[in-house]
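In: Test case, fold it:
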Amino acid sequence: MSPRRRGSRYMADYRDAIGKRVRKSGLTRADADAIEKAGREEARQFKGLPNPTFNAYAGPWLATKKLTVEPATYDSYEKNFRLHLEPTLGPLYIRAIRRRTMKDLLAAKLREGLKKSTVGTIMQVASAIFADALDDGLTFSNPAARMGKSLRPSERKRGELVRPKAMTEEQLDRFLAAAEGDPLYPFLFVMSRTGLRTGELVGSKWGDIDFVRGELRVERQWTKYGAVAAPKAGHGRTVELADSVMRLLVRHRSVTGAAWLAAPLAPGVIRGEEPPWIFHGIVQAGADPISREYLRKGFMRILRRAGLPKFTPHGLRHSYISQMIVREAPLKWLQEQVGISSLAMMIRIYGSWLKQRSPGAKNILDGHTPGTQAQESREIVGGRSLDYSERQGHEPAPPSKSSPIKRGNHGE
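Out: Predicted coordinates for the structure are as follows:
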C-alpha cells in the first residue's frame with residue numbers, strides 16, 4: 001500500500017509488531033514510504049512470536065537471576081521491580097513499551113520525590129530486563145537503555161557528590177577512646193587501622209593471619225544474610241597489618257580463647273573446638289561470626305557515648321583511606337591494600353582528600369624538596385636576604401640605586 005496523500009503532504013498507515021494501527025501524517029512521500037516500510041518489516045519480523053506482558057516475562061527473569069547473582073543484587077532487582085516497575089509496566093505487552101513510556105515513568109518517579117540515584121537504579125533494572133528480552137528476540141529495542149545517564153552527576157561535580165562520609169582524625173580518636181572496654185573495641189580498632197570492609201573482617205579466620213609476616217589474607221566475606229561469599233572483587237588479597245593491630249590481635253586471641261573455655265554449656269553438651277572466626281559470637285553466646293545487627297547497635301551506642309554525629313561502621317573504612325591519603329601513603333599500595341578495583345576508581349571516590357597544592361613542589365627537579373625553597377628565600381643575615389652568591393661564599397653583588405636590596409636569586 002502506498003502512502004495516502006493529504007493535501008500537499010502524505011500519511012504513513014500501517015500495523016505495528018503488536019497489531020496496532022499506526023498513522024503518522026504531515027510527511028513527505030519519501031518519509032512516509034520509509035516509515036511504512038520499517039513498520040511492516042518490524043511486524044513481519046515478530047509475526048508468530050509470543051508477546052508476553054512485562055509481568056509475564058519479568059517473573060521467570062527474576063527466578064533465573066536469583067540463581068545467578070549475589071543475594072544483595074537479587075534483592076535490589078526484586079525490590080525495584082515490585083515497587084516501581086510492576087505497578088506501571090506490569091500489564092503492558094513487552095513490545096508495546098516504547099522509549100516514551102520509559103521517559104514518562106522516569107519523570108513520574110522524580111515527581112514522587114525519589115532521589116535521582118534511586119530512579120537511576122530503577123532504570124538500570126528495567127534496562128537489564130529489556131536487554132534479555134531483546135536477546136531472546138521478543139522485542140526490537142531496549143527502551144530503557146541509557147535512561148539513567150541524564151541522572152548521573154557531571155564529571156565536574158561527581159567527586160563532591162560521591163565523597164564518602166569519613167571521620168576526621170580527632171573524631172576517630174574520640175570514637176576509639178569511647179569504645180575502649182567495649183566487647184566490640186578489638187573489631188572496631190582493626191577496621192579503623194586496615195580499611196577492611198565490614199563483611200571481610202567479620203568473615204576473617206585465625207588461619208588467615210600470618211603472625212610472622214604481619215599479614216591477613218582476605219579470602220571471603222560474611223554477608224548480611226548470614227552466609228559465606230567471595231570477596232567483593234571476586235578474588236582474595238593480602239592486607240598488611242600495622243604493629244598496633246598485630247599486638248591487639250595477639251591479646252584478643254588469648255582473651256577469646258579463655259572466654260570460650262569458660263563459657264557455660266547446656267546439660268549434655270560437649271565443648272568443641274573454639275570457632276575459627278577471629279570475631280566469633282562469644283559476645284553473643286554463639287559460634288558464628290558476630291551479627292551485623294549486633295555490630296550496628298554497638299556502633300551506635302559508642303557513637304552516642306563519644307558525642308559524635310551519625311556514621312556507619314563502613315565509615316571506618318572511609319576514615320582509614322582518607323587519613324592514609326592525607327598522610328601521603330603510596331596510592332597504588334593503598335588501592336591494593338583496601339581492595340578497590342583500580343587506582344582511577346579510588347581517586348574518583350577519595351580524590352577530594354588529595355593535596356592540590358604543595359609549596360615548593362615546582363622545584364623538585366631542581367634538587368629541592370617541597371618547602372625548602374620557601375625556607376631558603378627567608379634566610380636573613382643582618383636584616384636582608386642572602387644572595388645566591390653569598391650562600392656560595394662569594395662577595396655580594398652591590399645593590400641597585402634605583403631599587404631596594406635584591407632578594408635571593410636561586411638561579412631561576
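In: Could you chop the protein up by domain?
Out: Domain ranges of the chain: 4-43, 54-152, 169-353, 361-412, per automatic domain parsing.
In: quick check: mean pLDDT across the first one?
Out: Yep, that's domain 4-43 we're talking about. The pLDDT scores in domain 4-43 average 70.
In: Could you take the domains of the chain and lay them out as TSV, with extra columns for mean neighbour count and distance to R163?
Out: Any C-beta I mention is one placed from the backbone N, CA and C, and that applies to glycine too. Formatted as TSV, the domains of the chain follow (neighbours: other CB atoms under 10 Å; distance: least, CB to CB, whole Å):
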stretch	mean neighbour count	distance to R163
domain 4-43	15	46
domain 54-152	16	14
domain 169-353	16	5
domain 361-412	12	24
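In: weakest of those domains in terms of mean pLDDT?
Out: domain 361-412 - the lowest mean pLDDT of the domains of the chain, at a mean of 52.
In: Could you list the residues in contact with stretch 339-346?
Out: 197, 200, 218, 231-233, 237, 321, 331-332, 334-335, 338, 349 (CB atoms under 8 Å, 6 or more residues apart in numbering).
In: just these now: which is nearest F187?
Out: Using CB to CB, E200 comes nearest to F187 of these, at 11.9 Å.
In: Let me see the ranges of the strands in this structure.
Out: For the chain, applying DSSP state E gives strands covering 4-6, 9-15, 21-27, 209-210, 215-218, 221-222, 228-229, 237-240, 380-381, 384-385.
In: Adjacent strands (with direction) for the second one?
Out: If I follow you right, that is strand 9-15. In its sheet, strand 9-15 lies beside strand 4-6 (antiparallel), strand 21-27 (antiparallel), with partners assigned from DSSP bridges.
In: From the chain's centroid, how far away is it?
Out: From the chain centre to the centre of strand 9-15 is a distance of 50 Å (CA atoms, centre = their mean, to the nearest Å).
In: got the CA coordinates for it in CSV?
Out: Coordinates of each C-alpha in strand 9-15 appear next as CSV, following Å, rounded to 0.1, in the frame of the first residue of the first chain:
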residue,chain,number,x,y,z
ARG,A,9,1.6,16.1,2.4
TYR,A,10,1.4,12.3,2.9
MET,A,11,0.4,9.9,5.7
ALA,A,12,2.0,6.7,6.7
ASP,A,13,-0.5,4.0,7.6
TYR,A,14,0.5,0.5,8.9
ARG,A,15,0.1,-2.0,11.7
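In: center of this protein - which residue?
Out: I349 (7.7 Å; CA atoms, centre = their mean).
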